[in-house]
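Student: this is a predicted model, with the sequence first.
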Amino acid sequence: SKKTQNLYFYANALALVELDEAQESVIFDLVNSTDKQERWFFESYVSSKERLLGSDKILVKIEQLKNTQKYPNDKIALFFLPLFANLELFKYIDSLNNPEIEKVFWSSLTQLYTSDSEILTFAIEKLAKYDRPITVLNTLARARMDNDKLSTEFIVSTLEEINLTKYNEPENVRLDHYSIRDVFADLHTRDHVDEDKMAEIEFKLLFIFDKYGLGILPQYLYKAVAKTPSFYIDLIKNCFRPQDEIFLEEQNEQMSTEHRKMIFENAYSIISNFNLIPGLQEDASIIEGELNNWIDEVRELANACGRGKITDSQIGQILARYPNREGKISFPSTIHDTLERLDSIDIYRGFGSQVFNRMGATSRAVDSGGYIERDRASHFNNLAENIKISHPNVAEIYRRLARGYERDAKREDEEALSNILEY
């Protein structure tokens, strides 16, 4: 059979033929093989036989093989894997009351091609029992495509119970990041979700989300950070060393380098992408008291652990992430008032750098010159002019941005002229 171009077609053809017991036994014996092609041939034959005879007859056949005791329980379990994964099969395996068969089956099943919520619910509970966290996540992702959605309570409890330290996945199983993100996107639209519980889940499964903050974000986690200054400072401490070594926390000697790296990457991802300004409301207004209380407590905690300067820079960046729903970048008076009150050079630098980053990259024809930069310089000069009396420090941030764009415009003009003369 290995010499054939397509093993599946060959196995399917044999399934259509009435083989005698001895001939079929040769195929069934391939269940003991470690050769991938031979195992693929065996599985193709069994699945073809199910389509030909029906699930009831193939289950009877497997039961007969089990009773002969020719194959041990762990091998009998492998006869079930090629069969169509439905509730009937799952309940049949349950009815055998054979822990070894059940364990091998659920430890070996790679994925489910169904979106039926009843089947998926049954499968998820079994997969979780046998330490299959990645397959559980992938299966939840399949469930999102079913009109009869899984209950919020079931999804949240399943995510909460996932234990990434207990890992019993086959080597070919990979997480479907994009699909599982849609599970979180769906949860973000549902009512009556325990936000604190979801924040813990999103932090535990942070690796699912894009580390550059693109697409679906861990909204409940961001809400928790926006409500809890101590949480934010814990993230800062996991990312940045203190200014003074006397504040350096003792490292956990039991923590591996890999674990420390994972903690750093998770914390840095949150800090870099955190865009939920404390006190921000759905209509884009800001409750000034909430914002100022959060900032003041964060700064106090940061100074107490020797991370005042870097935290001020991060606060400036957070304020610069105010969501502009349309038009050019601008900020409400609440942001300007807060910046003026804080009067911190590190906050101002963080704010200015983040505003600059938000403007994004540019592209143009080689002979176009610096018209884009002149437009940006004009915009920031106008912002500065409007608040130069009420918010002089913030106005100076805008002027610095404008001066930078004016220099860039001049450079682009010179480069365009050089290109024109050259060509």
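Tutor: It's in.

Student: so who does Asp176 touch?
Tutor: Leu137, Asn138, Ala141 (CB atoms under 8 Å, 6 or more residues apart in numbering). C-beta here means a position set from N, CA and C on the backbone, and glycine is covered the same way.

Student: from these, which is closest to Gly289?
Tutor: Leu137 (39.8 Å; CB to CB).

Student: was I right to think that closest one contacts Tyr178?
Tutor: No: at 11.8 Å, Leu137 does not count as touching Tyr178 under the criterion of CB atoms under 8 Å.

Student: for those two, work out which one has more neighbours and name it.
Tutor: Taking other CB atoms under 10 Å, Leu137 and Tyr178 do not tie; Leu137 has more neighbours (22 against 12).

Student: excluding its backbone neighbours, what's nearest the more buried one?
Tutor: Excluding the flanking residues, the one nearest Leu137 by CB to CB, 6 or more residues apart in numbering is Ile180, at 4.9 Å.

Student: equivalent analysis for Asn12, please.
Tutor: In this structure, Asn12 finds its nearest non-sequential neighbour in Ser48, 4.3 Å apart by CB to CB, 6+ apart.

Student: how close does the residue nearest to Leu137 get to Asn172?
Tutor: To Asn172, Ile180 is 18 Å away according to CB to CB, to the nearest Å.

Student: with Ala22 instead?
Tutor: From Ala22 to Asn172 the distance is 33 Å (CB to CB).

Student: now do the helix or strand harbouring the residue nearest to Leu137, average pLDDT.
Tutor: Assigning secondary structure by DSSP states H and E places Ile180 in helix 177-189. What helix 177-189 shows for mean pLDDT is 89.

Student: and stretch 45-55, what's its mean pLDDT?
Tutor: pLDDT averaged over stretch 45-55 gives 93.

Student: how about it: buried residues?
Tutor: Tyr45, Val46, Ser47, Ser48, Lys49, Glu50 (16 or more other CB atoms under 10 Å).

Student: go ahead and confirm the first one touches Val17.
Tutor: So that's Tyr45. No: with contact defined as CB under 8 Å, Tyr45 does not reach Val17; the gap is 10.8 Å.

Student: quick one, what contacts Ile27?
Tutor: Here Ile27 is in contact with Ala11, Leu14, Leu19, Phe41, Phe42, Tyr45 (CB under 8 Å, 6+ apart).

Student: give the ChimeraX command for selecting the buried subset of the residues you listed.
Tutor: Typed into ChimeraX, the next command selects the buried ones out of these (criterion: 16+ other CB under 10 Å):
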select :11,14,41,42,45
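
Student: could you dump the contacts of Ile27 to TSV with distance to Ile62 and secondary structure?
Tutor: Output for those, formatted as TSV (distance: CB to CB, whole Å; DSSP: H, G, I helix; E, B strand; the rest coil):
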residue	distance to Ile62	secondary structure
Ala11	17	helix
Leu14	18	helix
Leu19	16	coil
Phe41	18	helix
Phe42	13	helix
Tyr45	13	helix
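
Student: ok, the contacts of Ile27 vs Ile93, which is closest?
Tutor: Phe42 (18.6 Å).

Student: any idea how far Arg411 is from the closest one?
Tutor: 68 Å.

Student: still on that earlier bit, of Ile180 and Asn172, which one has the most company?
Tutor: Remark: of Ile180 and Asn172, Ile180 carries more neighbours, 24 against 7, as counted by other CB under 10 Å.

Student: who's in contact with the more buried one?
Tutor: Listed by CB under 8 Å, 6+ apart, the contact set of Ile180 reads Leu137, Asn138, Leu140, Ala141, Ile208.

Student: wouldn't Ser230 be in contact with Leu301 here?
Tutor: Yes: in this structure Ser230 lies within contact range of Leu301 using CB under 8 Å: 6.4 Å.

Student: break down the stretch 201-350 of the chain into its strands, ranges please.
Tutor: With DSSP state E, counting those that start in this stretch as the criterion, the stretch 201-350 of the chain has no strands.

Student: now it, which segments are flagged as low pLDDT?
Tutor: For the stretch 201-350 of the chain, the stretches flagged by pLDDT under 70 are 245-256, 258-259.

Student: make it 50
Tutor: Applying pLDDT under 50 to the stretch 201-350 of the chain picks out residues 251-254.

Student: where along it do the helices fall?
Tutor: Using DSSP state H, counting those that start in this stretch, the helices of the stretch 201-350 of the chain run over residues 219-227, 229-239, 257-273, 288-304, 308-319, 333-342, 345-359.

Student: please identify the most buried of these.
Tutor: helix 308-319 (a mean of 22; mean count of other CB atoms under 10 Å).

Student: got the CA positions of it in CSV?
Tutor: Extracted C-alpha coordinates of helix 308-319, given in CSV (Å, rounded to 0.1, in the frame of the first residue of the first chain):
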residue,chain,number,x,y,z
GLY,A,308,8.7,57.1,39.7
LYS,A,309,10.3,58.4,36.4
ILE,A,310,9.4,55.4,34.2
THR,A,311,5.9,55.4,35.6
ASP,A,312,5.4,59.1,34.9
SER,A,313,6.5,58.4,31.3
GLN,A,314,3.9,55.6,31.0
ILE,A,315,1.2,57.8,32.5
GLY,A,316,1.9,60.4,29.8
GLN,A,317,1.6,57.7,27.1
ILE,A,318,-1.7,56.5,28.6
LEU,A,319,-3.1,60.1,28.4
